[in-house]
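*Asks:* What would the 3D arrangement of this be:
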Amino acid sequence: MRACPGLMIAAPASGSGKTVVTLGLLRHLRDHGVAVATAKSGPDYIDPAFHAAARGRPCVNLDGWAMRPETLDSLAARQTEDADLLIVEAAMGLFDGAPGPGSVGDGSAADLAARFGWPVVLVLDAGGQGFSAAAVLAGFKSFRDDVRIAGVIFNRVGSPRHEAILRRAAAHAGLPVLGLVPRLPALALPSRHLGLVQAGEHAALEAFLAAAGEAVGAGVDVESLLRVGWVRESRTQQLGGSGGDMLGSPTRTQPTNIPSLGQRIAIAQDTAFAFAYPHLLAAWRAAGAEILPFSPLADAAPDPSADAIYLPGGYPELQAGRLAGNRRFLDGLRAAAGQGRPIYGECGGYMVLGTGLTDAEGTRHAMAGLLPVETSFAERRLHLGYRRAALAAATPLGDAGAAWRGHEFHYASILSEGPGEALFEAWDAEGAPLGRLGRRAGSVFGSFFHLIDRA
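*Replies:* Model (predicted):
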């Protein structure tokens with residue numbers, strides 16, 4: 001399929017520096033007036049917020065395992081309506097995907113690149129490596145005939161001699177060097193258990209983005225990189241190029257069909273509740289819903305005029321004591337539940353709707369008490385993977401049996417789930433049954449499952 005002009009920034013593995021290179025490129029292009037849009041492959045919440053900060057416009061997720069073909073096409077097309085180019089950051093390694101087939105392939109970034117015809121720029125961590133990079137590049141270049149590796153950016157280059165060796169390695173593999181980024185302490189980003197520390201918590205984010213933009217502008221051949229993608233002719237001519245090949249135009253379809261929880265939806269939005277997909281909120285707005293943000297960390301209650309409440313995922317486990325003391329927030333949830341207004345919680349939101357949350361130090365904090373679930377972050381255990389889930393009973397998300405694709409990613413564990421109706425029947429990426437997920441009590445419902453699209 002040839003649709004949206006774009007290129008993918010990928011790597012052989014996580015930790016190679018593709019996020020820093022992508023952010024530096026976005027900031028550099030923004031500062032030089034190039035109209036680019038951004039996307040992130042896979043179910044990542046954190047990197048898109050950095051993209052938005054670097055570029056100054058929202059980033060969307062494109063997930064080949066969880067999203068239907070029409071959802072992928074619509075999101076990619078709409079993201080490039082007013083841009084010259086879509087820059088897509090891959091997740092993990094280029095060819096890493098789920099163990100079982102999804103809606104469009106295995107969910108790897110390579111499948112997205114093949115579907116849309118996007119050339120791939122490989123970011124290779126050159127620290128501790130010299131001419132051996134030739135073998136890595138040659139392997140990636142020849143691995144799939146339908147995925148074109150268009151060039152390489154070497155990251156963490158140590159010296160002019162190191163650069164010369166790497167250039168020789170790229171020439172041996174038959175790939176152009178599009179950039180070399182040196183080792184710079186200013187380009188380090190702090191991490192925690194679910195990935196990078198969120199953009200909203202990064203005290204020196206603007207300084208970091210400025211440093212990344214400067215490093216990429218100095219070390220990357222940006223004009224050649226743009227010509228690798230399908231830059232629209234007008235912009236390419238402004239940059240002094242010969243014009244790219246536009247192999248088709250995006251098909252603009254209707255927004256994704258994700259049912260709205262209500263007409264006025266109060267949504268928790270702060271650093272404890274930051275994991276809400278932009279495409280989901282956009283679909284609700286397109287359906288005519290009004291979004292009413294509020295901050296539980298600021299002890300704000302959901303707007304009393306809202307006819308539904310959404311608590312997305314995030315990091316409530318790091319703020320459990322503070323949330324437990326925020327009476328206006330918790331009492332507002334309880335009042336809404338008493339009035340029969342729908343309240344939906346995903347992952348962190350599910351934990352807060354439960355009876356109690358034990359923090360990393362082993363201290364239990366009382367939560368809203370609206371669902372019979374007790375959770376703990378004291379003994380961390382990774383729960384990670386794509387899921388297919390069907391509603392066990394009717395909710396505002398759909399009728400009983402309505403199926404969704406999405407994922408789980410959390411370290412908190414369920415200590416107990418009391419009596420009550422389960423929310424979902426679930427299966428993993430290979431189709432193995434996982435049993436029932438989540439709980440539903442009256443108008444309140446939630447689980448650790450993050451929904452992405454209809455199955």
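*Asks:* can you give me phi and psi for residue 8?
*Replies:* phi -110, psi 130 (degrees, to the nearest 10).
*Asks:* Surely it and residue 88 touch.
*Replies:* Yes. Residue 8 is within contact range of residue 88, at 4.6 Å (criterion: CB atoms under 8 Å). C-beta coordinates here come from the backbone N, C-alpha and C atoms, glycine included.
*Asks:* shared neighbours, these two?
*Replies:* Common contacts of residue 8 and residue 88 (CB atoms under 8 Å, 6 or more residues apart in numbering): 41, 109, 112-113, 118.
*Asks:* Out of those, which sit inside strands?
*Replies:* Within those, residues falling in strands by DSSP state E are residue 41.
*Asks:* Reformat the shared contacts of residue 8 and residue 88 into CSV and put neighbour count and distance to residue 201 next to each item.
*Replies:* Listed next are the shared contacts of residue 8 and residue 88 as CSV, based on neighbours: other CB atoms under 10 Å; distance: CB to CB, whole Å:
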residue, neighbour count, distance to residue 201
41, 26, 24
109, 30, 26
112, 29, 29
113, 26, 31
118, 28, 31
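*Asks:* Select from the shared contacts of residue 8 and residue 88 every entry located in helices.
*Replies:* Among the shared contacts of residue 8 and residue 88, the residues falling in helices (DSSP state H) are 109, 112-113.
*Asks:* List just the nearest of those to residue 361.
*Replies:* residue 109 (37.9 Å; CB to CB).
*Asks:* Excluding sequence neighbours, find me the nearest residue to the closest one.
*Replies:* Leaving aside its sequence neighbours, residue 109 sits nearest to residue 90 (CB to CB, 6 or more residues apart in numbering; 3.3 Å).
*Asks:* and if you look at residue 331?
*Replies:* Counting by CB to CB, 6+ apart, the residue nearest residue 331 is residue 301, at 6.9 Å.
*Asks:* ok now do the one you found, which residues does it touch?
*Replies:* 294, 328-329, 331-333, 335.
*Asks:* now swap in residue 433 and tell me
*Replies:* Counted by CB under 8 Å, 6+ apart, residue 433 has contacts 425-427.
*Asks:* Out of those, who's the most crowded?
*Replies:* Within these, most neighbours by other CB atoms under 10 Å means residue 426, with 24 neighbours.
*Asks:* pLDDT at that one, what is it?
*Replies:* At residue 426, the pLDDT value in this model is 97.
*Asks:* Can you classify it by secondary structure?
*Replies:* strand (DSSP: H, G, I helix; E, B strand; the rest coil).
*Asks:* how far away is it from residue 392?
*Replies:* Counting by CB to CB, to the nearest Å, the separation of residue 426 from residue 392 is 10 Å.
*Asks:* Please identify every residue contacting each of the two.
*Replies:* The contact sets of residue 426 and residue 392 overlap at residue 436 (CB under 8 Å, 6+ apart).
*Asks:* Give the helix, strand or coil label for residue 76.
*Replies:* helix.
*Asks:* ok, the residue lying closest to residue 373 once chain neighbours are set aside - contacts?
*Replies:* Residue nearest to residue 373 in three dimensions, not counting chain neighbours: residue 354, with 3.7 Å by CB to CB, 6+ apart. Each residue near residue 354 by CB under 8 Å, 6+ apart is listed here: 367-375.
*Asks:* which of those are buried?
*Replies:* 367-368, 370-371, 373-375 (16 or more other CB atoms under 10 Å).
*Asks:* I'd like to know how many residues surround the residue lying closest to residue 105 once chain neighbours are set aside.
*Replies:* Counting by CB to CB, 6+ apart, residue 105 lies nearest to residue 111, which is 3.3 Å off, once chain neighbours are set aside. For residue 111, the tally of surrounding residues (other CB under 10 Å) stands at 21.
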